[in-house]
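Student: Fold the stuff below for me.
(one chain, ligands or ions: 1)
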Amino acid sequence: MLTIFDTIKNIAIKIDHEIKNEDLGYCDSSNSSGEDQLKLDVKSDYIIEEAFKDISLVKALVSEEKEGVMELHDDGKYTICYDPLDGSSLADVNLSVGSIFGIYEGELKAENLVASAYVVYGPRIELVLATKGSKPKHYRAKEGLFSFICEITLDEKGKLNAPGGTQQNWDKEHKTFVDGLFAEGYRLRYSGGMVPDLHQILLKGGGIFSYPGTSDKPQGKLRQLFEVIPFAFIYEQAGGQAINDKGMRLMELVPSHPHDTSPCFFGSNYEIEALRSAYGIKI
Ligand code: AFP
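Tutor: Alright, predicted model coming up:
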């Protein structure tokens, strides 16, 4: 796993360089979800593919930017599912964006996730790595080298509320829940970038990030394999919870297609329990 984590560190430095120097325009292509592709999306995807293609541990790659599975080494152990540049539409307004990696062993489902990682490309490059049985580890880069900062633990209750999705398309109970937290004094912290938004809650001790099913996206917007499950793992390892709108742990998801999405809620225990009661979810 160390080889994979070291490769992710190298990838992070290279993608950060591209973000700071590459053209921020669009290609004339679109990704497998039909979304317009920035030159940065394509370049970031290429950097990751090149970085992993010669590592014999890696059996296959699944990218948000491409359809299907890219087979690499028949006797490889891990399949890496990744979003090369999540929130890339924020890059041209100079907001933080990120890369997300889910490392799976065997069938591509949540229980087979063995590790996850994400990179935040912001004023500094930051990295969080998570493996089973330990708290997520936070690193920060300086002149191309990552230093360990701390292990991440979520407080039982936080102060930040990150409500995703188009509000006019929320259902009534979700709007009541979100407004209820603001009435309790929670601070709105939402940039539209999943990685910085979830990173902030982890580092500031807690709160909740929600991306519910909405009238325009009943199954939510965020992809299970390379966005939802990797972060669900990190939030649970940090002592928080990660569930869907039925109260199911996101770490029990079994996608039927590599690009399946899921309504998702990540947060400290107090906020997730408040969501459960707002949604009438029995424990
Ligand atoms: P883009 O990659 O199109 O910028 O979308 C980013 C994202 O997938 C995720 O990073 C955010 O949490 C989410 O979309 C924001 O979606 P809304 O704008 O609908 O809240």
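
Student: any idea how far Tyr139 is from Lys53?
Tutor: With the distance defined as Cβ to Cβ, to the nearest Å, Tyr139 ends up 24 Å from Lys53. (Each C-beta comes from the backbone N, C-alpha and C, glycine too.)

Student: Tell me which of those two has more neighbours.
Tutor: Tyr139 (20 against 12; other Cβ atoms under 10 Å).

Student: Assign the more buried one to helix, strand or coil.
Tutor: Using DSSP: H, G, I helix; E, B strand; the rest coil, the structure places Tyr139 in strand.

Student: who are the neighbours in contact with the most centrally placed residue in the chain?
Tutor: What sits nearest the mean C-alpha location of the chain, by Cα atoms, centre = their mean, is Glu227, with 3.7 Å. Taking Cβ atoms under 8 Å, 6 or more residues apart in numbering as the criterion, Glu227 is in contact with Glu64, Asp83, Asp86, Ile100, Met194.

Student: hmm, 10 Å instead?
Tutor: Counting by Cβ atoms under 10 Å, 6 or more residues apart in numbering, Glu227 makes contact with 64, 81-83, 86, 98, 100, 102, 118, 194-195, 198, 211, 220-221, 261-262, 264.

Student: One more: Lys77?
Tutor: Counted by Cβ under 10 Å, 6+ apart, Lys77 has contacts Met1, Ile4, Ser56, Leu57, Val58, Lys59, Ile103, Tyr104, Glu105, Gly106, Val114.

Student: Wait, a strand at the last one?
Tutor: So the one you mean is Val114. Yes - assessed by three-state DSSP, Val114 belongs to a strand.

Student: and Gly280, how many neighbours?
Tutor: 8.

Student: excluding its backbone neighbours, what's nearest it?
Tutor: Glu173 (7.6 Å; Cβ to Cβ, 6 or more residues apart in numbering).

Student: What helix or strand is the one you found located in?
Tutor: helix 172-183 (DSSP states H and E).

Student: And Lys59, by the same measure?
Tutor: strand 58-63.

Student: Check the secondary structure at Leu154 for me.
Tutor: Relying on three-state DSSP, one would call Leu154 coil.

Student: thinking it is in contact with Leu198, fair?
Tutor: No - counting by Cβ atoms under 10 Å, Leu154 does not reach Leu198; the two are 11.1 Å apart.

Student: which residues of the stretch 1-150 of the chain fall in helices?
Tutor: Taking DSSP state H, counting those that start in this stretch to define them, one finds helices in the stretch 1-150 of the chain at 2-21, 39-52.

Student: deepest of the ones you listed, which one?
Tutor: Compared across the helices of the stretch 1-150 of the chain, helix 39-52 shows the largest average neighbour count, a mean of 20 (mean count of other Cβ atoms under 10 Å).
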